Structure formats: structure tokens, C-alpha cells
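> here is my input, please return the structure:
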Amino acid sequence: MDDNDFEPRLGRMAAKGREPRYLNQVMRAARRAGNRASPGVRRFDGSRIGRGAGLARVLRSGDRHARFRARRVIVKTRLAMLAGKGRAAAAAHLRYIQRDGVTREGAPGELYSAEQDKVDGKAFLERGEGDRHQFRFIVSAEDAGQIEDLKPFTRALMRQMEEDLGTRLDWVAVDHFNTGHPHTHILLRGKDDRGENLVIAREYISHGLREQASRIMTLDLGPRTDLEIEERLRGDVMAERLTAIDHGLIRDMDGERVVSASEADSLRQALRAGRLKKLASLGLAEPLEGGRWRLDGDLAGTLRRMGERGDIIRTIQRELSARNLERATADRVIFDPAAEDARPVTGRVVMRGLADEHLDRHYLIVDGIDGRTHYAEIGKGEFFEPIPAGAIVRVSPRSGGVRDADRTVAWVAAANGGRYTIDAHLRHDPAASHDFAETHVRRLEAMRRVMRSVEREPDGTWVIASDHLDKAAAFEARQLRDRPVTVETLSPVPLERLAGADASTWLDRELVSGAPVPVRDAGFGREVRAAQAVRRQWLIEEGLAEERGGETVYRPGMLASLQRRELLRLAGQLSEELGMPFLEARAGERLEGLCRQPVEAIGGRLALIEKSREFTLVPWRPVLERQLGKKVSGLVREGGISWTIGRERGGPSIS
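You can find the predicted model right below:
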């Protein structure tokens, strides 16, 4: 071969920095080997890494007839990482599963363990202080309602799990009876009895644990009888949810989605025919000639959504009844933030709960000022602070899609060899400020932390790929799944406390607003109208408003005056407690001090900033949550404080 025959092929530069981890190299090699595997040979997917994989395969291949007779159990598992906000989320989850109203008597849930009927959840969290992860299980047996006490079942399951995994386990559990299906929450530390990370095979989590739970429940209650199986199937015929009969129909349909009602067993044929007629009444099946039916293309998805809707409506009814709130059935609605006509919902929080305890997805039931009761899924609980029952909130749909900041980053990087830096940004846009450029860095940091979709080099330079806008769109889509709405607390205290409050309240802001939210004369809206009438009279008596020609005229600066009244009153109380004077923050001043604590106020949460000899109170911002007990610095402005967080490191300014 002649040297002139050599033809270089240009490509991406070799990766710099750290070498890939050995485990990552092995996994990539295994995946490549799996792609070349012969037909019938299972590809490597990592599901058998960890404890319990072999046993899970044995359990899956058990007697199908025995499995048909076995008691059905659903096991949901979540692996929760404890780094960063994970520990606070773990504490919040533990508090939530012990909340009021989860026992048969409506009392708070009580944690128990392998040996004790009542254990300290705080001690459990302290034992897991250095753990990398935590397992969370929800075990729901179909026939758990027949068992008075679920503790023996849970303990038997965890003993079996210890035997299967070959290690002692540190766990706590609490039983819930507040739904139609009693279930158990189990929290398991991510350490084995040697102090090593506990790694459980995905195959055991997906199949083995469920099979063992089913076996134990079947031993306790005996196999399902023919009568029990038939009764269950008869109940499924008219159900407006996805059932076992539907699964059989979907499995038997042909490529044209056509299925026959015929079955060898006469009872099953009758059940099948009855179910098909029910599906036809729902518009999900079309009768054809010869006893055949064509099923809807999205039969499973539609029935699943119908079942979820039915559960939601029952949840709304249960919570309204528990609070003696009468609302018409037509006024119970499900808030869909993705709908084109979605509008913000303002109202009183009836309750906050878990829409999906497995994925930690929360919901609010809001008694709206429009006279309707709204069920709104708000996403993962970690994005929302605790909201007291009775608080008045505004729930608004969030918008997604690529932002202007993403386009700017892509534009700067394209002109800078695929790299983004603040200096490059300022060179290409001289009108931009340093603070403005830093907002783009924070955006990139969020994308790197959540999705690893961008790369930062040691010198702070960002490597921006040509498909950066596609990655930004994917990041926003994920953010919308995790947090589809924003929840703004308009009043942390209930409506009945606002009418005579010597503070700037939500009622006042609505009264002076040029575009107040419409209030319907029904439900909670009627209560708001009555409170507004009382509030107007109170304001007139206080000299903050007057009647002119049948209308109420509010004094200029009324809101600021009320706000300052409450500020000075709280400052006086705190001054006595702290033994130091209060100094009011003035616009244009530099504020530096120790962020001591949040202070709850009717007009909105405040932050107590302690200086060397005095303290001040300023509006609270969520960014201060991580600064409690630390020195903070900011510039006082008319609209609030422009905080400088991490100023020692040249960090960003948060306005």
C-alpha cells in the first residue's frame, strides 16, 4: 500500500478529561454483544444484576394453574436516591405516609418494624444518614380487606425477602386503610447487613417480590375458589375501567382489531358477550356479523383513563363529605393544564394528596371561587412547599417549549466553535449585562443536572451540540411532566380570618384590582362575596375607604399602609423575643446579615435578617431556603430585594 493511498476521515475529537468508568465500558460491551446475539438468546439488559435474580426466574416459571388460583397482589417499587434534596424528600415522604386519616378509625398512621409495633421514624432516617439510596414499596393485596391486621403479612413478606436476598434488612412500614384497597407502605434502607450498598436485581423487584407476596397471601386466605373468581369477573362486566376480561379481548383480537365473543366455557362466553355490549354502550366496540366485534384502537388507554377519572370523582366526593361541603355533581371538575382553554383556578385548598404514591405525584382539591370543585394534579411533591388546608391558592398551567435563552445559547455557541461562555456571550451581544448572561448559565446547569444533556468543561466552558434546541425541548417536556402547574399561595390563612385582619390581604388586593377574578354566587364563591362585603365595611371603619355615590372608594396607598401595619406589629413582637431593635429596610440600601428564619404573616411570608445589633424583615424568597443560618447580601429595591447568593464565589444575583 502506497502512503499516498492514506485518506484521513475527519470526525469528532477524542473525549478529554476523565477516562470512562470500567463498569460503563463493560455495560457498553455487553450491550454490543447483546445486539449480535442469536435469535432466542436473551440480550443483556442489566435486569439480573444484584440479589435475587435467580430466584425471580424460578418463581416466574411456576405452575400457571396455581398462579390462576393465587390471590392477586400488586407491588410497586421506587428507588429513591438520597443525594441533594433526596434526604429532605425522604423525611417529607415519611411524614406523609403517617398523616391523619389513614387507619380504619381515621387516626394517623403508625410505623412498625420486624420486631416492634411502634417505631420512631426519625431514628430510621438517622440510621440511613449516609445511605446512597432507599427502596420504597407499596404492597396492595386484592383481598387485603379480609384481613384485620396487615402487620403479620408484611413481616412474613419481609422475612421471605431477607431469605431470598441473603441479608438482613432494615425496614419500617405503615398500613393504610383510607382507600377502597388497603395497602402497606414499606421503606427499606439501601444497605445490606455488611454496610454495603444493597443492590436488588430488577427481575426480583419486577416479578419475584410480587410472586412471594401472592404466595403468602394465598397461604393466609387459601386459593381463590371458582365462586370468588366468577364473582370477580361478573363485577368486571359493567365496570368503567380496564378489567381482566378486557385484557383477554385485547389478547385475542386480530390485526383488524376484530374479536369473537365465543368461548369454550359457557359462563366465560356469557361474561365476554356482556362485556362487549357494555363496551359498545361506551362507544369502544362495534358489533359485526357472526357474533364478532371490532374494538376501539385505544381501548386499554381509554378504559384506564375512565377508571382514573372515576377514582378522582370518588376522591372529591369523599373529601367534600368529610368536610360537610355540599357541591353539585356537575360542579366537580378535573383541571387539565394541557387543554387549550385551560385557565388559572383560584380557590380554597380542601386537601393535598398523592395521585401516584409510587411516583410521588401530588394533587390538590381546590374549592374554587367559580363555584366548582377542582381536582388538579400538580406533579412531584419536591417542587412544592407544604400548603395548609384552608389556604387560598391560584393554580395555573405552565407553558413549555424552547425558551429564548436556549436560542441565544445555540446562537452564541454556533459562532464560537460549539462552545458557550459568558465572555463569548458578551462579545456577541454587547448590550447584554453580565447578570443577564448568568441566567443562561443557570439554565444550562439545570439541563446538565436533570438530564445530562449538556457538558461543562473544567474551565467553565459549555460544550453545545448542534441539536441543542432539541435537547432543550426534551428538557422542557420532562419539566412539564414533573411540574405541570404553578401553585401560588394567595393567602396562607383561611378566608374567615381575612375579613377583619389588620394586614394587607388577598381580599384587599382583589377589591382594588382593576381586573378582579370573577366570583360566582355559589359554593366557595358565595363565601368570598360575603367576606368581601364585611371587609369593605371594616376598611371604611378604619378610614382606609369611603362610600361615594353608592360605590366604595379606596384610599391611595391602602395596601402599603396595611402591609406596614402588620410589619411593625410583627417587628414589635419579635423585638421583645430577640432582645434587639428592629430597623426597617429602605430602598437603595445594601442589606447584609444572617438569614435567621422565615416569619409567617397574613400578607405573605417574611425573612428575618439579623445584623450585628438589630434585625430587619423583608419579603421571603424561595432562594433563601438554603441560606438559613448563613450570611446573605442584597440590594433593597422598591419591588423587593435583589439577593446576591454565593457572592464569595462570584455567584449569580437573584432578583
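> please count neighbours and contacts with C-alpha atoms only from this point.
Fine.
> burial count for residue 283?
12 (other CA atoms under 10 Å).
> typo on my end, residue 57
15.
> can you tell me the helix or strand for it?
helix 53-60 (DSSP states H and E).
> and that helix, what other elements does it pack with?
helix 202-203, helix 209-221 (3 or more CA pairs under 8 Å, 6 or more residues apart in numbering; DSSP states H and E).
> contacts for that helix?
47, 48, 164, 200, 201, 202, 203, 204, 207, 208, 209, 211 (CA atoms under 8 Å, 6 or more residues apart in numbering).
> go again with 10 Å.
Under the contact criterion CA atoms under 10 Å, 6 or more residues apart in numbering, helix 53-60 has outside partners 47-48, 67, 164-165, 200-212.
> any buried residues in it, and which?
Within helix 53-60, the residues scored as buried using 16 or more other CA atoms under 10 Å are 53, 54, 55, 56, 59, 60.
> pLDDT averaged over it - what is it?
Computed over helix 53-60, the mean pLDDT rounds to 76.
> what angle do it and helix 209-221 make?
Per axes from the mean of the first three to the mean of the last three CA atoms, to 10 degrees, the angle that helix 53-60 makes with helix 209-221 is 50 degrees.
> ok, back up a step: for residue 484, find the nearest of the helices and strands packed on helix 53-60.
Smallest distance to residue 484 across these (CA to CA): 29.6 Å, for helix 202-203.
> show the subsequent helix or strand relative to the helix or strand harbouring residue 302.
In this structure, residue 302 sits in helix 299-322 according to DSSP H and E. Per DSSP H and E, helix 299-322 leads on to strand 332-335 as the next helix or strand towards the C-terminus.
> contact partners of that next one?
Outside strand 332-335, the residues that touch it by CA under 10 Å, 6+ apart are 309, 312-313, 316-317, 342-345, 364-367, 371-378, 395-397.
> sheet-wise, list the partners of it with their directions.
strand 373-380 (parallel) (DSSP bridges).
> so which elements touch the helix or strand just after the strand it pairs with?
Using DSSP H and E, the helix or strand that follows strand 373-380 in sequence is strand 392-397. In terms of contacts (3 or more CA pairs under 10 Å, 6 or more residues apart in numbering; DSSP states H and E), strand 392-397 is packed against strand 332-335, strand 345-356, strand 361-368, strand 373-380, strand 485-491.
> beta-bridge partners for the nearest residue to residue 640 once chain neighbours are set aside, please?
Nearest residue to residue 640 in three dimensions, chain neighbours excluded: residue 619, at 6.7 Å (CA to CA, 6 or more residues apart in numbering). Beta bridges link residue 619 to residue 606 when assigned by DSSP bridges.
> surely residue 619 and residue 637 touch.
No - taking contacts as CA atoms under 10 Å, residue 619 lies outside contact range of residue 637: 11.3 Å.
> contacts only, for residue 311.
Contact partners of residue 311, counting by CA under 10 Å, 6+ apart, are 179, 180, 241, 305, 317, 355.
> just the buried subset of these, written out for ChimeraX, thanks.
A single ChimeraX command selects the buried members of the contacts of residue 311 (16+ other CA under 10 Å):
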select :241,317,355
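> minimum pLDDT in the contacts of residue 311, which residue is that?
On pLDDT alone, residue 180 ranks lowest of these, at 69.
> report the central residue of this protein.
The chain has residue 380 as the residue nearest its centroid, 1.2 Å off, counting by CA atoms, centre = their mean.
> which residues touch that residue?
Going by CA under 10 Å, 6+ apart, residue 380 touches 354, 355, 356, 359, 360, 361, 362, 363, 481, 482, 483, 484.
> which residue in these has the weakest pLDDT?
The lowest pLDDT within those belongs to residue 359, with 74.
> let's verify that one: helix, strand, or coil?
Secondary structure assignment for residue 359 (DSSP: H, G, I helix; E, B strand; the rest coil): coil.
> I'd assumed residue 481 was in contact with it.
No - Residue 359 is beyond contact range of residue 481, at 11.5 Å (criterion: CA under 10 Å).
> who has more neighbours out of the two?
For residue 359 and residue 481, the more surrounded residue by other CA under 10 Å is residue 359, and the numbers stand at 17 against 13.
> count the neighbours of the residue nearest to the more buried one when sequence neighbours are not counted for me.
Nearest residue to residue 359, sequence neighbours excluded (CA to CA, 6+ apart): residue 78, at 7.2 Å. Counted with other CA under 10 Å, residues neighbouring residue 78 total 16.
> next: residue 173.
By other CA under 10 Å, neighbour count at residue 173 equals 29.
> which SSE is it in?
Assigned by DSSP H and E, residue 173 belongs to strand 171-176.
> next, the angle strand 171-176 makes with the helix or strand that comes right after that strand.
Downstream of strand 171-176, the next assigned helix or strand under DSSP H and E is strand 183-189. Per the same axes, to 10 degrees, the angle that strand 183-189 makes with strand 171-176 is 160 degrees.
> packing partners for strand 183-189?
So strand 183-189, by 3+ CA pairs under 10 Å, 6+ apart, packs with strand 73-81, helix 86-97, helix 121-127, strand 133-141, helix 151-165, strand 171-176.
> could you redo the last one with a cut-off of 6 Å?
Helices and strands touching strand 183-189, by 3 or more CA pairs under 6 Å, 6 or more residues apart in numbering; DSSP states H and E, are strand 133-141, strand 171-176.
> partners of it, with directions?
Looking at strand 183-189 with DSSP bridges, its partner strands are strand 133-141 (antiparallel), strand 171-176 (antiparallel).
> out of the ones you listed, deepest packed?
Most buried of the strands paired with strand 183-189, by mean neighbour count (mean count of other CA atoms under 10 Å): strand 171-176, with a mean of 25.
> residue 82 against residue 135, yeah?
No - with contact defined as CA atoms under 6 Å, residue 82 does not count as touching residue 135 (10.4 Å).
> quick revisit: how about the helix holding residue 57 as CSV, C-alpha atoms only?
Extracted in CSV, the C-alpha atoms of helix 53-60 (Å, rounded to 0.1, in the frame of the first residue of the first chain):
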residue,chain,number,x,y,z
ALA,A,53,-32.2,-12.6,40.1
GLY,A,54,-32.0,-16.4,40.0
LEU,A,55,-34.9,-17.0,42.4
ALA,A,56,-37.1,-14.5,40.5
ARG,A,57,-36.6,-16.6,37.3
VAL,A,58,-37.7,-19.7,39.2
LEU,A,59,-40.8,-18.0,40.6
ARG,A,60,-41.8,-16.7,37.2
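> starting at the chain centroid, how far to it?
Computed by CA atoms, centre = their mean, to the nearest Å, the chain-centroid distance of helix 53-60 equals 33 Å.
> repeat for stretch 184-200
Distance, centroid of stretch 184-200 to centroid of chain: 24 Å (CA atoms, centre = their mean).
> which residue packs closest to residue 492, ignoring adjacent ones?
Nearest residue to residue 492 in three dimensions, chain neighbours excluded: residue 391, at 4.8 Å (CA to CA, 6+ apart).
> with residue 580 instead?
Residue nearest to residue 580 in three dimensions, not counting chain neighbours: residue 614, with 5.4 Å by CA to CA, 6+ apart.
> distance check, that neighbour against residue 416.
Distance of residue 614 to residue 416, given as CA to CA, to the nearest Å: 50 Å.
> same check, this time on residue 153
63 Å.
> what does the helix or strand encompassing residue 469 rub up against?
Using DSSP H and E, residue 469 sits in helix 468-482. Contacting residues not belonging to helix 468-482 are listed as 379, 380, 400, 401, 402 [CA atoms under 6 Å, 6 or more residues apart in numbering].
> and what of stretch 229-237?
Contacting residues not belonging to stretch 229-237 are listed as 243, 275 [CA under 6 Å, 6+ apart].
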